[in-house]
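# Kindly return the folded structure for what I paste below:
(one chain, ligands or ions: 1)
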Amino acid sequence: MSSLDIDFVRVQFPAFSEPSLQGQAFFENAGGSYTCQPVIDRLTRFYTQRKVQPYAPYEVSRLAGAEMDEARARMAAILGVDTDELSFGPSTTQNTYVLAQAFRQWMKPGEAIVVTNQDHEANSGPWRRLADEGIEIREWQIDPETGSLKPEDLENMLDERVRLVCFPHCSNVVGEINPVTEITAIAHAAGAFVCVDGVSYAPHGFPNVGDLGPDIYLFSTYKTYGPHQGCMVIRRTIGELLPNQAHYFNGDVLYKRFTPAGPDHAQIAACAGMADYVELLSAHHGGPISDAAAQGAFVHDLMRGQEVSLLQPVLDAVKDRNAVRLIGTSDATRRAPTVAMSLNRPAETVAAELAQHGVMAGGGDFYAVRPLQAMGVDPAQGVLRVSFTHYTSQQEIDQLLEALERVL
Ligand SMILES: Cc1ncc(COP(=O)(O)O)c(C=O)c1O
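As a prediction, the model looks like this:
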């Protein structure tokens with residue numbers, strides 16, 4: 001297994017050579033990542049050369065539509081699903097609201113949905129609102145100390161009335177990676193479908209959703225080096241079962257069924273740039289050159305290896321400090337590099353102090369109010385969150401550690 005060529009990686013992100021950003025170490029990647037050059041190139045080309053209604057019979061329009069199709073086909077291949085099982089909506093939150101509306105129509109009073117109190121509100125609130133339709137909402141709760149979800153607790157909550165289990169691949173404050181395959185198997189054995197929020201996981205390497213097994217998998221491309229879209233994998237069985245949410249005459253096209261509004265053509269086309277980036281990384285590091293799913297897996301492991309080795313020293317530096325409560329596990333191999341800390345003063349103030357040292361981070365509740373409350377953290381005080389990705393350099397980590405030493 002080769003290790004990540006960080007210089008090559010950073011050349012693909014114009015933000016790193018942007019003069020106004022020099023000296024600024026970026027640690028709010030879980031909020032939204034920098035954008036890679038292939039995405040910017042495609043977006044620029046679309047707006048300058050192809051910004052017409054797509055799929056009409058003139059050349060520019062044909063190119064616009066073909067690029068949108070390319071984005072769906074190539075991303076679906078990386079994710080290990082069929083092209084029509086992938087669709088784009090404005091954001092993950094808007095996507096879950098549309099899906100919840102479909103479940104609202106499909107489910108009957110007395111049936112049940114399992115949600116967690118580990119999720120970002122996007123994969124929680126929209127489902128909980130089905131209670132006013134007579135749907136029973138069961139909450140799979142985290143351990144208040146560790147923030148972990150235990151699969152055996154879920155097992156005890158399932159019966160024949162549960163139609164859907166919603167949980168995160170990785171929480172945006174706890175950071176621990178949940179065993180999606182194991183949890184999905186438990187839910188499927190009880191006859192329930194599974195909806196996974198992958199927003200906090202996908203930036204650290206696209207997963208093979210086909211192999212992982214959930215029925216629905218969601219992530220946000222503005223956090224995966226792309227433009228501002230929400231990406232949905234909706235597997236065929238559930239997608240054909242749920243009522244169509246789009247115009248009635250689009251209901252027989254799987255990828256249109258859960259995107260009621262006209263899509264953002266340019267941004268969808270630009271999502272092909274994320275596939276370009278995966279391909280570039282794979283080729284540069286001697287990985288597979290033709291099979292997209294194999295490239296995705298190779299790049300996933302490259303990113304993960306790099307991130308885990310940079311993450312452990314960060315966790316070690318904060319885990320035993322008196323003034324800090326590290327949220328989630330201190331074992332880098334079990335978590336994403338999204339590190340939230342509860343402090344003895346408002347987190348936003350501390351983030352502002354970090355900014356004085358050229359560290360860009362955030363403090364607050366990050367729309368993860370429920371998990372923070374469940375762990376006894378006052379959402380008003382919030383958590384300081386430092387989050388990074390594979391493109392973060394050792395030098396930036398050093399800058400972070402020095403700045404933390406001064407402000408904590
Ligand atoms: C884990 C998680 N899920 C969902 C969302 C919501 O995504 P979007 O902004 O695309 O609605 C976020 C955004 O921060 C998130 O971190």
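# Who are the contact partners of Arg235?
Val81, Glu85, Pro214, Asp215, Ile216 (C-beta atoms under 8 Å, 6 or more residues apart in numbering). Yep, even glycine has a C-beta here, placed from its N, CA and C like the rest.
# Per-residue pLDDT of the residue nearest the centre of the chain, please?
Closest residue to the average C-alpha location of the chain: Val199 at 1.4 Å, with C-alpha atoms, centre = their mean. pLDDT, Val199: 98.
# Please tell me I have it right and it contacts Thr224.
No: if you go by C-beta atoms under 8 Å, Val199 and Thr224 don't touch, sitting 9.0 Å apart.
# The nearest residue in space to Gly205 that is not next to it in sequence: which element?
Counting by C-beta to C-beta, 6 or more residues apart in numbering, Gly205 lies nearest to His300, which is 3.0 Å off, once chain neighbours are set aside. Assigned by DSSP states H and E, His300 falls within helix 292-319.
# just Val115 next, same as before
Here Val115 is assigned to strand 112-116, by DSSP H and E.
# now that strand: mean pLDDT?
So the average pLDDT for strand 112-116 ends up being 99.
# do the same with stretch 219-226
The model assigns stretch 219-226 a mean pLDDT of 98.
# Check the offset of that stretch from the chain's centre.
On the basis of C-alpha atoms, centre = their mean, to the nearest Å, the separation between the geometric centre of stretch 219-226 and that of its chain is 7 Å.
# For it, which outside residues touch it?
Contacts for stretch 219-226 (C-beta under 8 Å, 6+ apart): 13, 29-36, 39, 88, 91-92, 197-203, 206, 227-231, 267, 270-271, 273-274, 277.
# Could you give the separation between the terminal residues of it?
Taking C-alpha to C-alpha, to the nearest Å, stretch 219-226 runs 11 Å from one end to the other.
# Next: stretch 241-261.
First-to-last residue span, stretch 241-261, C-alpha to C-alpha: 20 Å.
# Check stretch 385-392 too.
15 Å.
# For Ala102, give me the backbone phi and psi.
Geometry field for Ala102 lists phi and psi as phi -60, psi -40, criterion degrees, to the nearest 10.
# Kindly provide the distance from it to the ligand.
17 Å (C-beta to the nearest ligand atom, to the nearest Å).
# excluding its backbone neighbours, what's nearest Glu70?
Nearest to Glu70 is Ala272, by C-beta to C-beta, 6+ apart, at 4.8 Å.
# Could you check how many residues crowd around the one you found?
When neighbours are defined as other C-beta atoms under 10 Å, Ala272 has 22 of them.
# just the strands in the stretch 101-250 of the chain please.
If DSSP state E, counting those that start in this stretch is used as the criterion, the strands of the stretch 101-250 of the chain fall at 112-116, 136-140, 162-168, 193-197, 216-220, 230-234.
# Could you export the ones you listed to a markdown table, including columns for mean neighbour count and distance to Val383?
Shown next, in a markdown table, are the strands of the stretch 101-250 of the chain (neighbours: other C-beta atoms under 10 Å; distance: least, C-beta to C-beta, whole Å):
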| stretch | mean neighbour count | distance to Val383 |
| --- | --- | --- |
| strand 112-116 | 23 | 18 |
| strand 136-140 | 16 | 21 |
| strand 162-168 | 25 | 16 |
| strand 193-197 | 26 | 19 |
| strand 216-220 | 27 | 20 |
| strand 230-234 | 26 | 24 |
